[in-house]
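Chemist: the following comprises the amino acid sequence and a computationally predicted model.
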Protein chains: 2
Amino acid sequence: MSLLVTGSLGIDTVETPAGKVENVMGGSGVYFAFAASFFTPVRLVGVVGEDCPDEFLYILKENPNIDTSGIEVRKGAKTFRWHGKYHDDLNQRDTIAVDLNVLAESGPNIPEKFRDSQFVFLANTHPELQLGLLSQLNSSTAAPHSSKLIVADTMDLWTSTQREKLMTLLERLDGLVLNDAEARLLTEESNLVFAGKQIAQHVQRFVIIKKGEHGSLLFVDDEVFPIPAWPAVDIIDPTGAGDSFAGAMMGYLAQTENLDTDNLKKAAAYGTVTASFTLEDFSLNRLRQITREQIDERMKRFEQILQI
Amino acid sequence: MSLLVTGSLGIDTVETPAGKVENVMGGSGVYFAFAASFFTPVRLVGVVGEDCPDEFLYILKENPNIDTSGIEVRKGAKTFRWHGKYHDDLNQRDTIAVDLNVLAESGPNIPEKFRDSQFVFLANTHPELQLGLLSQLNSSTAAPHSSKLIVADTMDLWTSTQREKLMTLLERLDGLVLNDAEARLLTEESNLVFAGKQIAQHVQRFVIIKKGEHGSLLFVDDEVFPIPAWPAVDIIDPTGAGDSFAGAMMGYLAQTENLDTDNLKKAAAYGTVTASFTLEDFSLNRLRQITREQIDERMKRFEQILQI
């Protein structure tokens, strides 16, 4: 089933205790699309500038499950750039430099042919812009929109500065993915279980709180399902793990077209396992190497280790 | 099967966002013994002073599964006291006052009739003292001791100041239980999975890293099993949760007399579930109310929510 993602395509420079890479492919939309592509065809919508290396677009285009026709190369604009440095404790990182560039301009246009997408993911950006993207989707008279599942990600900046807009967005979503610090900020609750339950009251179906090395919590129908992280030892670069999680989760849901609670849990577990590969190398390197079979193999092992 | 625990019996004053209790029963040995008593008979060894309220000893004695004949009421001594205050974020607490009192004197004597215990837990205290307690157990010529499973807890103070003694202790243990900060201190590794694997090389069977609200990690045979926390909303007082975890885990192992990997996982899950009750009220209040049936019921639910 068709999966649409709107998100960033960026040029990253990343430093971790394992090394440094400069001007590599990154961005939430890119990590999401690659992770989702193991499960279902993905329609990637985003904007880059004229400086975007041809190689990046080539890497996306050579993936048969990623439709890149929604990527706009904007004349006179520059691509989003991010430079981050992780501490020895990989749970912490500093942003050394960030150039929003084209992300500070008007948002992307969702191509007409993508507007019927049944599964939609709005990667993190200004909630106003996310609402604008939502309004581009086909609407039906029966519902505010005709999509089957609309999920968004957000970030701490919006939970603190754009709270009202974010709450408006929440009411139009089926699902929200956010991290632990964001959930605490949004609800002013330190207990994550309580925080997640509160947020879940505003969206239609589910909330996921991502906790990095501690896994995630899935909230659905007033129930809470903790999903531990894959116990990874060799972490090279945590960049994009959260977007990979969301991509694989949404990809699996779009593939199976099943939104019941058990399948949501399974989708979140696929998200966990797929993200665990992302950590094993810089940029998209590991995701570009692996196969669906390798994901399924690790998924099977994950089910075993969780079984009590 | 007989389970011996050596640990503290204390008089606690505890402040949490939910309220304050003064001079209530506490101590690692007490929480451990109560949690273990749902599964197996427990032999509790520790020392209190003459000021220990009769009521505390009565509460212990009225539990048919706790043998209190190893509790020494030392003449002229005072009972260990602790006063702690939790932040709004219950993962953080300050020690307002601590009076070691009798804990600063010579350690307890393990009664002759307890020295054949097959399952032994040395709750946190100076590693030198833990080694002394170990040497009181019956030894056989075939092994350094004739017990089936010897497990200890430790704390950050010893990982930093008594590293060498602690390492000597580790080599004589079947299992070690410690928290995330202690594991990082001991190994100087920020990745907990890596840290746990390193520590596991020093003990005979398993290591558990407790992560509070994020659950725990079980390391056995070079494998890692993440066990999430029970998703608790109404937390009144986190005091004793870690000791309850260890008590229920050891109690279940002593009851089943099965040390294979699957049973270790199940024991850790029982620890998780039993500890989740401890959090629901101050001091031992909740553990004194519940039944094994309630633990089993929550355990069943826990297995369901973890099943993918």
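Modeler: Noted; the coordinates are in hand.
Chemist: against residue A:248, how distant is the closest residue to residue A:276 other than its chain neighbours?
Modeler: Using Cβ to Cβ, 6 or more residues apart in numbering or on different chains and skipping the chain neighbours, the partner closest in space to residue A:276 is residue A:230 (3.7 Å). To be clear about C-beta, it is placed using only N, CA and C from the backbone, and glycine gets the same treatment. As judged by Cβ to Cβ, to the nearest Å, residue A:230 and residue A:248 stand 12 Å apart.
Chemist: the more surrounded of the two?
Modeler: For residue A:230 versus residue A:248, the count of surrounding residues by other Cβ atoms under 10 Å in any protein chain shown is larger for residue A:248: 31 against 23.
Chemist: return the alpha-carbon coordinates of the helix or strand hosting the more buried one using CSV.
Modeler: Here residue A:248, judged by DSSP states H and E, is contained in helix A:241-256. Only the C-alpha atoms of helix A:241-256 are listed here, as CSV (Å, rounded to 0.1, in the frame of the first residue of the first chain):
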residue,chain,number,x,y,z
ALA,A,241,18.0,5.8,14.1
GLY,A,242,14.7,7.5,15.1
ASP,A,243,13.8,8.1,11.5
SER,A,244,14.7,4.6,10.5
PHE,A,245,12.5,3.3,13.3
ALA,A,246,9.6,5.3,12.0
GLY,A,247,10.3,4.3,8.4
ALA,A,248,10.3,0.6,9.1
MET,A,249,7.3,0.8,11.4
MET,A,250,5.2,2.7,8.9
GLY,A,251,6.6,0.5,6.0
TYR,A,252,5.5,-2.6,7.8
LEU,A,253,2.0,-1.2,8.5
ALA,A,254,1.6,-0.1,4.9
GLN,A,255,2.8,-3.5,3.7
THR,A,256,0.4,-5.4,6.0
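Chemist: how far does it sit from the chain's center?
Modeler: Its chain's C-alpha centre and that of helix A:241-256 lie 8 Å apart, by Cα atoms, centre = their mean, to the nearest Å.
Chemist: which elements pack onto that helix?
Modeler: strand A:3-6, helix A:28-36, strand A:119-122, strand A:149-153, strand A:175-179, strand A:206-210, helix A:261-278 (3 or more Cβ pairs under 8 Å, 6 or more residues apart in numbering or on different chains; DSSP states H and E).
Chemist: again, only this time at 7 Å
Modeler: Helices and strands touching helix A:241-256, by 3 or more Cβ pairs under 7 Å, 6 or more residues apart in numbering or on different chains; DSSP states H and E, are strand A:3-6, helix A:28-36, strand A:119-122, strand A:149-153, helix A:261-278.
Chemist: list the buried residues for that helix?
Modeler: A:241-256 (16 or more other Cβ atoms under 10 Å in any protein chain shown).
Chemist: who's in contact with the residue nearest to residue A:276?
Modeler: Applying Cβ atoms under 7 Å, 6 or more residues apart in numbering or on different chains, we find residue A:230 in contact with A:272, A:273, A:276, A:302.
Chemist: if we go to 10 Å?
Modeler: The contact partners of residue A:230, by Cβ atoms under 10 Å, 6 or more residues apart in numbering or on different chains, come to A:213, A:215, A:269, A:272-277, A:279, A:298-299, A:301-302, A:305, B:193, B:224, B:226.
Chemist: what's the answer for residue A:93, then?
Modeler: Residue A:93 makes contact with A:14, A:15, A:16, A:84, A:85, A:86, A:87, A:238, A:239, according to Cβ under 10 Å, 6+ apart.
Chemist: give me phi/psi at it?
Modeler: When quoted as degrees, to the nearest 10, the phi and psi of residue A:93 stand at phi -150, psi 150.
Chemist: identify the bridge partners of it.
Modeler: When assigned by DSSP bridges, residue A:93 has beta-bridge partners residue A:86.
Chemist: look up how far chain B lies from it.
Modeler: Per Cβ to the nearest Cβ, to the nearest Å, residue A:93 is found 13 Å from chain B.
Chemist: now do residue A:240
Modeler: From residue A:240 across to chain B, the span is 18 Å (Cβ to the nearest Cβ).
Chemist: show me what contacts the residue nearest to residue A:236 when sequence neighbours are not counted?
Modeler: Nearest non-adjacent residue to residue A:236, counting by Cβ to Cβ, 6+ apart: residue A:18, 4.5 Å away. Going by Cβ under 10 Å, 6+ apart, residue A:18 touches A:86, A:90, A:234, A:235, A:236, A:237, A:281, A:282.
Chemist: just for the stretch 201-308 of chain A, where's the confidence low?
Modeler: The stretch 201-308 of chain A contains no residues with pLDDT under 70.
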